[in-house]
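Enquirer: here's my sequence, what's the structure:
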Amino acid sequence: MLSVSGLAKRYGTEHTVDAVREVSFELERGRFLAIVGRSGSGKSTLLAMIGGISKPTNGSVSIEGIDEWSLDDNARADFRNRTIGFVFQFASLLPNLRAIDNVALPAIVGGTLEAHEAYARARTLLSRVGLGNRLDAYSGQLSGGEQRRVAVARALINSPKLLLADEPTADLDEETEQQILNLLVDIHRALGITLVVVTHNAAIAERADMVLQMCEGSAHTSELHDPQTDMASGSWTAEMTAVAQIFDPASSATSEAIRLGEGIERVLGRFVLWALPVIILAWGLNAGVRLYEQHVIQAKLDAQSQLETLAMQGLRADVKDISFGPGKTYIVNLYLRNTTGDQPIYVMSPSVRGFVQVGGSWQEVPLRPANADVAQVLKVTGNQIYRYILEPDVNDFEQLLPYYMHVRLSNDMLVSPRSQPKDDIVERDDNYYVYLKPHEASDSTILSRVKFPGPPPVWIPMPPH
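Expert: Here you go, the predicted structure:
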């Protein structure tokens, strides 16, 4: 099902850093692989290459016989959406959407399901992960463990054949961590999904069919046991046996037939039979009202789906370029691009914040618009550039790339198809990651550690992570 051959990831040219070194393994359909190792050993980088997010320097990844990295960007994105489910270190839920909206969104945006089908499946999935009573809760109203359960349900919405989880319980307490990891294993067994988990939890790794031990980018695999062993021992919970019915309409229970009116004359007498036409008329009116309400609800769901597609797919945003500014500042240019053609998109002036990684956390640094007269509402019909001044005066920054600062830019926007929206507005939250060269850094010193084809660049873009 999953074939990894000679997979490697290398940074730099002359003075290189090998994050992953020639990893190869085969994973059969329905098996469970645990990837373990110390921080910095290449676990997340390996998973990102398997998932089609980070391009490998060498090697190939084949899923269901398809070489993932031989596809072009659009084909790979479509393949990834339909074949792979992701559960990342952080739940990354859209804060302005409810739990059920977050789960249904990948199927609606990817076109794998109609809106009503997506919401029906999202409702079932949330019920199966224990959140049937939290469908309308927003991410800010959910605990860390509940957010992870929503993320697991979201990863399953497109019926993936491969489920990838990268430290999905990184910031949870021990009890909640165990619940989420057990949930992933139970879903894997109930649905027969091939599961790959990056984890520090030794108990979960012991339940895997195969373990991949990472050390300084290299990997060693070991088979543990037959995947049927735990199922036979009874560790497959009774609750999750119902998960197998989510994607199998034929497994739905048959409703018992009900004969309206049977025994009415005997029980209630002829008076009820005389009133039967009135009852039928009232029933018909009630059915008509119900159909109308369903039509209104469906229209609202369709409108919300179109609005989310417009905000998430019709508008592209990213860093255009970064250059040195006066003193220790940087000039940051962000761009917005309308990809819909003639349909205008209106965006509230973005709220952009800057962060520098210090140790294992992010420290916020000053970031302000370069122009004070930026319009509050912008009509985006083509490309639009926003300019900001970043002042990351941090001395003890984390050097993931020697001498460079690891910077995250967070961009919050309100998006609408109208200049004066009412309820047709979506909040969008983007994060851009870059490496920034400090003003005082010496090019010769940097080149002694990292080889570039020319002078060390001021900034280096990084993929989302």
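Enquirer: for residue 157, grab the count of nearby residues.
Expert: Using other Cβ atoms under 10 Å, residue 157 is surrounded by 23 other residues. Using the backbone N, CA and C atoms, a C-beta is placed for each residue, glycine as well.
Enquirer: list the contacts of it.
Expert: Going by Cβ atoms under 8 Å, 6 or more residues apart in numbering, residue 157 touches 103-104, 106-107, 113, 118, 121-122, 125.
Enquirer: can you show me the helices along the stretch 51-200 of the chain?
Expert: With helices called from DSSP state H, counting those that start in this stretch, the stretch 51-200 of the chain shows them at 73-83, 99-110, 115-128, 144-156, 174-191.
Enquirer: ok, now which ones touch the closest residue to residue 153 other than its chain neighbours?
Expert: Once flanking residues are discounted, residue 153 sits nearest to residue 125: 3.9 Å by Cβ to Cβ, 6 or more residues apart in numbering. Shown in contact with residue 125 (Cβ under 8 Å, 6+ apart): 103, 153, 156-157, 246.
Enquirer: where's residue 125 relative to residue 30, distance?
Expert: 19 Å (Cβ to Cβ, to the nearest Å).
Enquirer: for residue 63, give me the pLDDT.
Expert: Looking at residue 63, its pLDDT reads 92.
Enquirer: please look at it and residue 1 and confirm they touch.
Expert: Yes - between residue 63 and residue 1 there is a contact under Cβ atoms under 8 Å: 7.1 Å.
Enquirer: quick one: which of these two has more around it?
Expert: For residue 63 versus residue 1, neighbours defined as other Cβ under 10 Å are more numerous around residue 63 (22 against 15).
Enquirer: tell me who's in contact with the more buried one.
Expert: So residue 63 contacts 1-3, 79, 83-84, 161-162 (Cβ under 8 Å, 6+ apart).
Enquirer: how does this protein divide up, domain by domain?
Expert: Listed domain ranges for the chain are 2-245, 264-311, 315-462 (source: automatic domain parsing).
Enquirer: any idea which of those is most buried?
Expert: The highest mean neighbour count among the domains of the chain, using mean count of other Cβ atoms under 10 Å, belongs to domain 2-245: a mean of 18.
Enquirer: out of the helices of the stretch 51-200 of the chain, the one nearest residue 46 is which?
Expert: For those, proximity to residue 46 was assessed by Cβ to Cβ; helix 73-83 is nearest, at 16.0 Å.
Enquirer: please save the CA atoms from the closest one in CSV.
Expert: C-alpha atoms of helix 73-83 as CSV (Å, rounded to 0.1, in the frame of the first residue of the first chain):
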residue,chain,number,x,y,z
ASP,A,73,1.3,20.3,-7.9
ASN,A,74,-2.4,20.3,-8.7
ALA,A,75,-2.7,16.6,-9.3
ARG,A,76,-0.7,15.9,-6.1
ALA,A,77,-2.9,18.2,-4.1
ASP,A,78,-6.0,16.4,-5.4
PHE,A,79,-4.4,13.0,-4.7
ARG,A,80,-3.4,14.0,-1.2
ASN,A,81,-6.9,15.3,-0.4
ARG,A,82,-8.7,12.1,-1.6
THR,A,83,-6.1,9.5,-0.4
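Enquirer: chain center to stretch 56-65, what's the gap?
Expert: Distance of stretch 56-65 from its chain centroid, counting by Cα atoms, centre = their mean, to the nearest Å, is 21 Å.
Enquirer: any idea how far apart the tips of it sit?
Expert: 18 Å (Cα to Cα, to the nearest Å).
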